[in-house]
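Engineer: Pasted the sequence and its predicted model underneath.
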Amino acid sequence: MVRASIVVIGDEILEGFVRDSNAGWLAGRLRDLGIPLDRIVVVPDTIPAIVEALETELARPRPRVLFTSGGIGTTPDDRTMAAVATFLQVDLVGEPALVEMVDGIVEMHKRLSEATGGEPWVPPTWTILKNLVTPHPLGGCNMGETAETGVVDHRGRVFGYDNLWVVDGAIIPEAIGRNPTRTIAALAERCATLFE
């Protein structure tokens with residue numbers, strides 16, 4: 001029988017600034033699906049701590065599914081993607097076409113603002129970090145048919161790592177419209193029903 005672990009990532013949780021609600025929700029879904037949850041571990045936003053937690057949980061001697069929650073936002077301390085890449089021994093790769101696309105949107109925004117007498121405002125996170133702040137960051141672990149075309153399969157399982165799943169907005173390759181919360185939740189629930 002497959003068992004589960006959850007690694008919650010975030011200094012803000014450890015410091016008491018934010019309450020984690022994701023792990024509780026996921027624990028309930030796993031219970032409903034009959035998948036035992038062995039532990040929930042909370043670690044800081046550091047690559048060594050995240051990698052250590054991934055190694056520890058995936059080394060447990062039984063079929064295991066590992067979920068991560070947190071640390072994939074748009075602030076400089078969000079280190080989950082870099083830590084997972086380190087653990088998987090792969091490089092994080094930027095997408096120049098996306099930078100070019102967003103820069104084009106910014107330029108059009110400036111031109112439209114000037115034409116209408118408006119004041120253009122470009123988020124500093126883009127100007128300084130080339131990182132957009134969105135309520136639902138999408139992409140980063142895109143679905144694909146093979147490891148050459150994506151990071152995960154249609155179930156959210158990471159190619160080459162049968163016990164590692166990504167089941168959040170990271171597997172959606174592009175924006176899907178305003179307020180994608182329900183779509184992301186439905187996709188996560190679909191992935192949960194396909195656990196083996």
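Structural biologist: Looks like it arrived, so ask away.

Engineer: From now on I want contacts and neighbour counts done on CA atoms only, so please keep to that.
Structural biologist: Noted.

Engineer: What ranges does this structure have for its strands?
Structural biologist: Ranges of strands in the chain, per DSSP state E, are 3-9, 37-43, 64-69.

Engineer: can I get these in JSON lines with mean neighbour count, distance to Ala82 and mean pLDDT?
Structural biologist: Formatted as JSON lines, these follow (neighbours: other CA atoms under 10 Å; distance: least, CA to CA, whole Å; pLDDT from 0 to 100):
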{"stretch": "strand 3-9", "mean neighbour count": "22", "distance to Ala82": "13", "mean pLDDT": "91"}
{"stretch": "strand 37-43", "mean neighbour count": "17", "distance to Ala82": "15", "mean pLDDT": "93"}
{"stretch": "strand 64-69", "mean neighbour count": "21", "distance to Ala82": "13", "mean pLDDT": "86"}
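
Engineer: Can you name the residues in contact with the helix ranked longest in the chain?
Structural biologist: Ordering each helix of the chain by length in residues (DSSP state H) puts helix 96-115 first. The contact list for helix 96-115, computed with CA atoms under 8 Å, 6 or more residues apart in numbering, reads Gly118, Glu119, Pro120, Trp121, Val122, Lys130.

Engineer: and of these, the nearest to Asp45?
Structural biologist: Lys130 (20.3 Å; CA to CA).

Engineer: Please list all residues in contact with the closest one.
Structural biologist: By CA under 8 Å, 6+ apart, the contact list for Lys130 reads Val99.

Engineer: Where does the prediction get shaky in the chain?
Structural biologist: Applying pLDDT under 70 to the chain flags residues 71-77, 124-125, 128-129, 131-139, 175-179, 196.

Engineer: For it, list the residue farthest from the centre, please.
Structural biologist: Most distant from the centre of the chain: Gly117, at 38.6 Å, with distances by CA atoms, centre = their mean.

Engineer: mind checking how far that one is from Arg111?
Structural biologist: For Gly117, the distance to Arg111 equals 10 Å [CA to CA, to the nearest Å].

Engineer: Tell me how the protein divides into domains.
Structural biologist: Using automatic domain parsing, the domain parsing of the chain gives 3-94+131-193, 96-129.

Engineer: Pick the most deeply packed of those.
Structural biologist: Across those, the average number of neighbours (mean count of other CA atoms under 10 Å) peaks for domain 3-94+131-193, which reaches a mean of 17.

Engineer: Quick one: end-to-end distance for that one.
Structural biologist: Termini of domain 3-94+131-193 sit 14 Å apart (CA to CA).

Engineer: chain center to it: distance?
Structural biologist: From the chain centre to the centre of domain 3-94+131-193 is a distance of 5 Å (CA atoms, centre = their mean, to the nearest Å).

Engineer: Please report the distance of the residue nearest the centre of the chain from Leu112.
Structural biologist: Centroid check for the chain by CA atoms, centre = their mean gives Ala170 as the closest residue, at 4.4 Å. According to CA to CA, Ala170 and Leu112 sit 31 Å apart.

Engineer: My read is that Val143 contacts Glu174, right?
Structural biologist: Residue 143: Met, not Val. No - judged on CA atoms under 8 Å, Met143 makes no contact with Glu174 at a distance of 10.8 Å.
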